[in-house]
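Chemist: got a predicted model here, sequence first, then my questions.
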Amino acid sequence: MAEIFISYASATVDRAKQIADALRALGYGVWRDDELPAHRAYGEVIEERLRSAKAVVVIWSASAVKSQWVRAEADLAREAGKLVQLRIDGALLPLPFNQIQCADLTDWSGDADAPGWRKVTASIAELFSGKSLLAEVLEPASTSPPQAPTKPSLAVLPFANLSGEADQEYFADGMLVEIVAALSRIKSIFVIASGSSLTFKNKGLTPQDVARQLGVRYILEGSIRKAGGRVRIVVQLVDAHAGTQIWTHRFEDTLDDIFALQDRVALNTAATIEPAVREADARRSSARPTEIMGSYDLFLRALAMMRTYTGPNMFEVLGLVERAIKLDPNFGAALAVCARCHYLIVLYGWSDDSDHHRSQALEMGHRAIRAASDDAFVLSHVAALIAYLERDVAAALDMVDRALVFNPGSSMAFLMSGAVRVLTAELDLAMEHLSTSQRLDPVGPDRAARLVFMAMVRFQQRRFADAVALGKELSQYLENPTGCAILAASYGHLGQSSAGQDALAHYKRLTPQSLDAYARLVWQRTDQLKLFTDGIALLQIATA
C-alpha cells in the first residue's frame, strides 16, 4: 500500500510513533525519518519519500512550529494537495497553515472514536481514494443531486475578474482559496473544498445550477476589479434555493500587500457569513411545523429562544435541545446550548432545584467539549459556565483562546473571551475583545450579551456613567437581570438613588434570585464583589 509520510519535530518523537502505529493498525504503510538508510543523503531520501507519499501527516507542536524542516515539508505537502494537519499541544500554527483545517489531538490517548482522530483518518481516506467530491457529484451513474448536509451548506464560486487583465486571474483564484480556508474553520458550516469550486470557473453556470450539482443551499460569489493601484472586491451571499440575497459587502484597498488584503477579506467574510447563515436557517426553521423536525432545526429554535433571557422561555429551550440531543447524542452545539441554558437557570434562580441544574450544566458542558473539542461555538459557550459555575477560570481561558485559534473570525469567541476576562480583571483586554466581537457582528442577536459584559467592564473600571449608558442601551433590546443589577449598583455609586431603586425593583420583577446570591455567582474576586455590594449599600443608605 502507498505510504503516509509523517512530519514532526524530534522533541515529539513518542507522539509521532504513537500516531504512526495507529495508522499502521488501520492497514496503511507509514514512513518516518527513523527509517533513513545509512548509505544515502538524508535530504534526498526525505524529499523522495515526501513526494511519493499519498498523504503527508504534519504533527504540529511548539517545537514543530520553530522547525524549518517541518515547515518545508508541510509547504510541499500543501502545494501537492496532500496535507493532513494535526496539533498535539496549544501551539499557534504559522501562516499559511493556520488557514487550513487542523485536527486537535492535544489530549488524544489512542481512542479510535475521538473526533480529532476521526477527522485525521477521514482526510487520509479521501486522499487515498483519489476521488474528489466533484467526481462523486458528477458520477454518470448518479441521476440525483447529493443529499444535503444536516448543517448549513455553502460553496464559493470563482470570483469574476472584471479588470480585463489575465494576470489578475491568480489573484481572483487566490481570493476563493483563502475564503474557503477561512470558512472551513467554522465547524457549524459545511463548505465545499476550493478545488471543487474552481472546477466551475468559466462554465457559465448560475448559482442555482452549482447549488444543485454540489448539494448546497448557499452560494458565495464575488467580483474583483483593479484600477490603477487599487482594487475593489464585491462579495454577496445568496440562498440559491430561495433565489434571495442574504448579505453583500464591498472591500476597497491598495494592492501594496495582496496577501494581507486576501487575509482581511477572507476573515471578514467568514466572520459575517456564520451568523448570517445561522439566522437565515433559523427564520426558515421557525416557519416549519414543530412536530416533525430534525435535530438541527430543534437546535436553531432553542438558540433563538435562549436569547430572550426569560425564565419560562428557558424551560422551553431545555425541551427543544433535549429533543435535539436525543436525536443526535453527539451534537456538540446542542449540548453546549443545553449547558448554557441550565447555567442561566442557576444564575437567575428560575428553579427551586438549583443543584440539579448546576450539575446538568457542567455535565452537558463537558459532554459538548468531548463531542466537539475543535468547534469555536462549543468552546465559547462552555467556557463561560466553566468560569462562572465550575470556577475553573484557567480552563475557561484555555477554551476561549483555543476557540480564537480555531476560528479567529468568530464574534462569539471574542464575546466569550471578553466575558471570561471580566473575572480575571483583564479589563482592557476584555473590552478590546468585546469591541472586536461587536465589529465582527454589529447588528446580530448577540449584541445584547455584549452590552451586558461591556457594562460589567465599565463598572469594574469605576466608569459608572458609562456603565449606566450601556445598561440603558441594553434595555432597548431585552429586559436582562444582570443589566438591571449593574444599573442599580452604578446608580448607587453615582448617588442617583431614585433611578437605582427603580433598577433594583426591575431586577426583582425579572428574577427571584436574591441580589446577594446573584452577586456571589457573578463576582468571584473580593474587590469585584465589594465594589458591587458597596453600590447597592449606597442605595439603601440613601433611602433609609
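Modeler: Arrived safely, thanks for sending.

Chemist: so where do the helices sit in the stretch 101-250 of the chain?
Modeler: Secondary structure of the stretch 101-250 of the chain (DSSP state H, counting those that start in this stretch): helices at 115-129, 133-137, 169-184, 194-198, 207-214.

Chemist: identify, out of those helices, the most deeply packed stretch.
Modeler: helix 169-184 (a mean of 21; mean count of other Cβ atoms under 10 Å). All C-beta spots, glycine's among them, are computed from the backbone N, C-alpha and C.

Chemist: then it to CSV, C-alphas only?
Modeler: Output in CSV follows, covering the C-alpha atoms of helix 169-184 (Å, rounded to 0.1, in the frame of the first residue of the first chain):
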residue,chain,number,x,y,z
GLU,A,169,-6.8,35.6,-12.5
TYR,A,170,-4.3,34.3,-10.0
PHE,A,171,-5.5,36.9,-7.5
ALA,A,172,-9.1,36.1,-8.1
ASP,A,173,-8.5,32.4,-7.6
GLY,A,174,-6.3,33.0,-4.6
MET,A,175,-9.2,35.0,-3.1
LEU,A,176,-11.5,32.0,-3.4
VAL,A,177,-9.0,29.7,-1.8
GLU,A,178,-8.4,32.0,1.2
ILE,A,179,-12.2,32.5,1.8
VAL,A,180,-12.8,28.7,1.6
ALA,A,181,-9.9,28.1,4.0
ALA,A,182,-11.4,30.6,6.5
LEU,A,183,-14.9,29.2,6.2
SER,A,184,-13.6,25.7,6.6
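
Chemist: which residues does it contact?
Modeler: Identification of contacts with helix 169-184 by Cβ atoms under 8 Å, 6 or more residues apart in numbering yields 96, 99-101, 154, 156-161, 189, 191-194, 197-198, 201, 220, 222, 224, 226, 231, 233, 235, 258, 262-263, 265-267, 269-270, 273, 409.

Chemist: using the three-state scheme, assign Ala336.
Modeler: helix (DSSP: H, G, I helix; E, B strand; the rest coil).

Chemist: re the thing from before, show the buried residues in the contacts of helix 169-184.
Modeler: 96, 99-101, 154, 156-159, 161, 189, 191-194, 197-198, 220, 222, 224, 226, 231, 233, 235, 262-263, 265-267, 269-270, 273, 409 (16 or more other Cβ atoms under 10 Å).

Chemist: buried stuff in stretch 484-499?
Modeler: 484-494, 496-497, 499.

Chemist: just to revisit the earlier point, between the helices of the stretch 101-250 of the chain, which gets nearest to Ala419?
Modeler: Among the helices of the stretch 101-250 of the chain, helix 169-184 comes nearest to Ala419, with 24.1 Å by Cβ to Cβ.

Chemist: for Asp441, what are phi and psi?
Modeler: Here is the backbone geometry of Asp441 (degrees, to the nearest 10): phi -140, psi 70.

Chemist: number of nearby residues for it?
Modeler: Neighbours of Asp441 under the rule other Cβ atoms under 10 Å: 23.

Chemist: per-residue pLDDT, the closest residue to it other than its chain neighbours?
Modeler: Leaving aside its chain neighbours, Asp441 sits nearest to Ser411 (3.7 Å; criterion: Cβ to Cβ, 6 or more residues apart in numbering). In this prediction, Ser411 carries a pLDDT score of 83.

Chemist: also Gly500?
Modeler: 93.

Chemist: any idea which of the helices of the stretch 101-250 of the chain scores lowest on pLDDT?
Modeler: helix 133-137 (a mean of 33).

Chemist: what's stretch 464-482 in contact with?
Modeler: 307-310, 348, 447-448, 451-452, 454-456, 458-459, 483-484, 486-487, 490-491, 493-494, 503, 506-507, 510-511, 513, 518, 522, 535.

Chemist: out of the residues you listed, which are inside helices?
Modeler: In helices, judged by DSSP state H, the following of the contacts of stretch 464-482 are found: 447-448, 451-452, 454-456, 458-459, 483-484, 486-487, 490-491, 493-494, 503, 506-507, 510, 518, 522, 535.

Chemist: restricted to buried residues, select the residues you listed in PyMOL.
Modeler: Only the buried entries of the ones in helices among the contacts of stretch 464-482 go into this PyMOL selection, using 16+ other Cβ under 10 Å:
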select buried, resi 447+448+451+452+454+455+456+458+459+483+484+486+487+490+491+493+494+503+506+507+510+518+522+535
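
Chemist: got the CA positions of whichever strand or helix holds Ser437 in PDB?
Modeler: Element membership of Ser437, judged by DSSP states H and E, is helix 427-440. The C-alpha trace of helix 427-440 is given here as PDB (Å, rounded to 0.1, in the frame of the first residue of the first chain):
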ATOM      1  CA  LEU A 427     -10.400  44.800  31.800                       C
ATOM      2  CA  ASP A 428      -8.700  46.500  28.900                       C
ATOM      3  CA  LEU A 429      -8.300  43.200  27.000                       C
ATOM      4  CA  ALA A 430     -11.900  42.200  27.900                       C
ATOM      5  CA  MET A 431     -13.200  45.400  26.400                       C
ATOM      6  CA  GLU A 432     -10.900  45.000  23.300                       C
ATOM      7  CA  HIS A 433     -12.300  41.500  22.700                       C
ATOM      8  CA  LEU A 434     -15.900  42.600  23.200                       C
ATOM      9  CA  SER A 435     -15.400  45.500  20.800                       C
ATOM     10  CA  THR A 436     -13.900  43.200  18.300                       C
ATOM     11  CA  SER A 437     -16.900  40.900  18.600                       C
ATOM     12  CA  GLN A 438     -19.100  44.000  18.000                       C
ATOM     13  CA  ARG A 439     -17.200  44.900  14.900                       C
ATOM     14  CA  LEU A 440     -17.500  41.400  13.500                       C
END
